[in-house]
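Undergrad: Need a 3D model of the following:
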Amino acid sequence: MRPRLLHAALLCAALAANSLSAHASKDVVQFGSNIDVAPDSTVHDTVCFFCSVNDHGTVDGDVVVFFGNVHIDGHANHDVVNFFGSVTATDNASIGKDLVSLFGSVRLGENVSVGKDLVAMFGGTRIASTVTVGGDRVVQPGWVFWGPFLIFLLVVILIVREIRNQRRRSFMRGYPYPPR
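TA: Numbers count the residues shown, from 1 in each chain. A predicted model of the protein is given here:
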C-alpha cells in the first residue's frame, strides 16, 4: 500500500514541477504596492488588493481595486470597479464602459465621460454637471445602508445588556444583603 502512495505522491510532485505558469501580457496585479501607469504607457488589466491605482496613461482592460483608491488622469478603456475606496477622475478623463464603486466615494471632474453605467452604492458622490454617462446612473447614499445597520446594532446591544442585567439580578437574589 505504501509504495503506491509514494508513487502517486512522486507523480503529483513531478506534474506540479513541470506545470506552466500563467502569463498575461501587460497585466499588472499587486498586493499592497501601488500601481502607477505612466503618461505615455499602456497596460491591459490592473488588479490591486490593499493598494491604489494611479492611471496617467491608458488602461486597455479593467481596473479592479479592493481596499484602495483609483485615480484616473488618462483613459480607462473598459470597466473601473472599486470596493471600500475612492474613485477620482480628473478633468477630461474617460472610462470606456462601467464605473462601479461600493462603500466608497466617487469624484468626477469636468468633461469626464463614462461609456455605459455609473453605479455608486453606499458612498458619497461628487459629480460635475458636465459629466456624460452613456447608460444608467445608480447612486445610493451611505445612510441607506449604515442607518438601518446602526439601528439594528443598537437593538442587539440593548437586548444583550438587558439579558445580562436580568441574569445578574437573579444571581444576586441568592445572596443576603448586607453580607453576614
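
Undergrad: and the residue nearest in space to the middle of the chain, how far is that from residue 168?
TA: Geometric centre of the chain, nearest residue: residue 83, 1.8 Å, by Cα atoms, centre = their mean. Per Cβ to Cβ, to the nearest Å, residue 83 is found 42 Å from residue 168. All C-beta atoms are positioned from the backbone trio N, CA, C, and that covers glycine.

Undergrad: ditto for residue 118
TA: In this structure, residue 118 and residue 168 are separated by 53 Å, where distance is defined by Cβ to Cβ.

Undergrad: Check residue 47 too.
TA: Look at residue 47 and residue 168: by Cβ to Cβ, they are 52 Å apart.

Undergrad: now swap in residue 113 and tell me
TA: Computed with Cβ to Cβ, the distance linking residue 113 and residue 168 is 62 Å.

Undergrad: So if I had to pick from these two, which one is more boxed in?
TA: For residue 113 versus residue 168, the count of surrounding residues by other Cβ atoms under 10 Å is larger for residue 113: 17 against 10.

Undergrad: What pLDDT does the model give that one?
TA: The pLDDT attached to residue 113 in the predicted structure is 91.

Undergrad: So it is in contact with residue 132, correct?
TA: Yes - under the contact definition of Cβ atoms under 8 Å, residue 113 touches residue 132, with a separation of 4.8 Å.

Undergrad: Test my guess that residue 108 contacts residue 86.
TA: No - with contacts counted by Cβ under 8 Å, residue 108 stays clear of residue 86, the gap being 11.4 Å.

Undergrad: rewinding a little: report the beta-bridge partner residues of the residue nearest to the centre of the chain.
TA: The residues listed as beta-bridge partners of residue 83 by DSSP bridges are residue 66, residue 102.

Undergrad: what's downstream of the helix-or-strand element of the chain with minimal mean pLDDT, the next helix or strand?
TA: Of all the helices and strands that make up the chain, helix 2-17 has the lowest average by mean pLDDT, DSSP states H and E, namely a mean of 70. Tracing the chain past helix 2-17, the next element assigned as helix or strand by DSSP states H and E is strand 28-31.
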